[in-house]
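A.B. asks: Generate a structure from the sequence data that follows.
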Amino acid sequence: MHGTIDLAEATNLDAARERANTLPLADYDPGDPELFKNDTFWPYFDRLRREDPVHYCKDSMFGPYWSITRYNDIMDIETNHSVFSSAASLGGITIRDVPPDLRRESFIAMDQPRHSAQRKTVAPMFTPTHLDELATNIRKRSTECLDNLPRGEVFDWVDKVSIELTTQMLAVLFDFPWEDRRKLTRWSDVATTLPGAGGLVATEDERQAELMECASYFARLWKERSNEPPKSDLLSMMAHSDATRNMDPKNFLGNLILLIVGGNDTTRNTLSGSIYALAKHPEQYRKLRENPALIDSFVPEVIRWQTPLAHMRRTALADIEFRGRQIKKGDKVVMWYVSGNRDEEAIEKPYEFLIDRARPRTHISFGFGIHRCVGLRLAELQLKIIWEEILKRFDTIDVVEEPQRVYSSFIKGYETLPVRIAA
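C.D. replies: Residues are numbered from 1 along each chain as shown. Next comes the predicted model:
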């Protein structure tokens with residue numbers, strides 16, 4: 001990693017720290033996507049955890065919202081389903097309210113008892129036996145991808161590796177037409193982007209038009225799977241299950257987007273994050289090369305360090321006093337995973353990247369409780385296999401400039417990560 005890049009980055013962070021420490025807490029808006037685009041949100045959450053761990057932002061581009069920033073407080077909100085709802089009908093699971101006519105249920109944006117019934121439908125995809133079968137496939141595709149990477153020239157790791165491998169995996173999970181697999185990437189990005197000039201889509205109408213294209217493409221596949229005997233892909237599983245076979249079109253598209261984004265963005269951004277983390281901490285890369293068995297603790301550590309989804313949101317179903325603050329019925333409550341994963345009270349030395357951490361699975365990147373990520377074992381398996389194959393091939397992967405980050409306070413990800421592998 002070049003020293004000048006680190007210097008520029010440190011200067012940015014110093015300025016952010018200065019601003020975070022002088023700005024009145026009442027004016028804090030930690031959900032501002034610009035902070036995530038510039039990677040300067042850290043000092044804001046540090047101060048909130050210290051001074052105002054249940055913080056109310058009265059005005060933002062997303063309207064008013066509460067921020068929950070400590071690890072244990074997030075756990076308490078996650079497990080209190082009687083008061084804190086995930087329901088799409090109340091606005092959904094992100095800080096950005098979905099307009100009422102565009103709200104689509106999915107099992108992550110749904111409360112009990114329907115949540116468990118729909119979630120159970122896709123759970124067989126992630127059983128140990130099925131993961132063993134997928135592992136062979138993942139290894140084969142990882143080796144092909146890595147063997148074809150350019151040597152001695154700069155290329156974008158995000159596009160060539162992170163997007164390519166996660167999109168291939170998604171295509172396998174859905175048994176999706178291989179030649180069209182990059183459509184999955186596009187739909188995932190469009191589903192989570194903030195519309196605006198110069199963005200992926202300029203307007204909400206443009207986004208909806210693309211999501212309708214996604215729905216009609218999948219409806220065609222669904223019809224085929226419904227008329228065939230059950231198979232082991234996600235679409236077939238849903239088409240043949242009582243809980244999901246008769247979903248209305250909104251619920252159908254809601255679950256599709258959940259599975260596409262869940263299977264794509266999280267692993268994609270952690271895979272990019274793992275390269276970036278090791279570039280920042282070369283001594284950890286050395287440690288990993290000398291002892292590849294450390295991959296088992298390196299993978300959960302990088303998932304914590306990256307935190308690919310910065311937050312999840314709930315809506316209060318009733319007035320409640322929480323840690324001395326009065327949360328009102330209908331209030332938006334944002335659980336900042338990215339802050340919980342840097343909470344000194346729950347995680348020792350949380351700002352350090354330690355691939356041999358004693359309890360690396362103490363993190364909240366996958367959520368907690370009934371909404372904990374259904375595909376977490378698959379995400380870990382993909383990262384483990386890809387890194388086993390990277391270590392066999394490359395002594396170093398040089399990050400040649402700072403990554404471009406996504407303009408989003410929900411997806412904590414990378415648009416580009418320029419790297420070079422020695423010839």
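A.B. asks: from here on, contacts and neighbour counts on C-alpha atoms
C.D. replies: Will do.
A.B. asks: residues contacting the closest residue to residue 61 other than its chain neighbours?
C.D. replies: Sequence neighbours aside, residue 32 is the residue nearest to residue 61 in space, at 7.7 Å (criterion: C-alpha to C-alpha, 6 or more residues apart in numbering). Taking C-alpha atoms under 8 Å, 6 or more residues apart in numbering, we find residue 32 in contact with 60, 61, 409.
A.B. asks: Could you measure from residue 336 over to residue 28?
C.D. replies: According to C-alpha to C-alpha, to the nearest Å, residue 336 and residue 28 sit 14 Å apart.
A.B. asks: Neighbour count: those two, which is higher?
C.D. replies: residue 336 (27 against 19; other C-alpha atoms under 10 Å).
A.B. asks: shouldn't residue 40 be in contact with residue 10?
C.D. replies: No. If you go by C-alpha atoms under 8 Å, residue 40 and residue 10 don't touch, sitting 9.9 Å apart.
A.B. asks: Tell me which of those two has more neighbours.
C.D. replies: residue 40 (19 against 13).
A.B. asks: circling back: for the residue nearest to residue 61, give its distance to residue 387.
C.D. replies: With distances taken as C-alpha to C-alpha, residue 32 is found 33 Å from residue 387.
A.B. asks: again with residue 150
C.D. replies: Residue 150 is 18 Å from residue 387, by C-alpha to C-alpha.
A.B. asks: How about residue 60?
C.D. replies: Remark: distance between residue 60 and residue 387 (C-alpha to C-alpha) = 40 Å.
A.B. asks: Rounded mean pLDDT for the helix or strand residue 275 falls within, please.
C.D. replies: In this assignment (DSSP states H and E), residue 275 forms part of helix 249-280. The predicted model gives helix 249-280 an average pLDDT of 87.
A.B. asks: Show me what that helix is packed against.
C.D. replies: The contact analysis (3 or more C-alpha pairs under 8 Å, 6 or more residues apart in numbering; DSSP states H and E) places helix 249-280 against helix 164-174, helix 182-192, helix 282-290, helix 295-306, helix 376-393, strand 398-399, strand 414-416.
A.B. asks: With only the CA atoms kept, save the second one in CSV.
C.D. replies: As requested, C-alpha coordinates have been extracted for helix 182-192 and formatted as CSV (Å, rounded to 0.1, in the frame of the first residue of the first chain):
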residue,chain,number,x,y,z
ARG,A,182,-24.7,-10.4,-14.7
LYS,A,183,-28.4,-9.3,-14.7
LEU,A,184,-28.4,-10.6,-11.1
THR,A,185,-25.6,-8.2,-10.3
ARG,A,186,-27.4,-5.3,-11.9
TRP,A,187,-30.7,-6.0,-10.2
SER,A,188,-29.0,-6.3,-6.8
ASP,A,189,-27.3,-2.9,-7.3
VAL,A,190,-30.4,-1.3,-8.6
ALA,A,191,-32.5,-2.6,-5.7
THR,A,192,-30.2,-1.0,-3.0
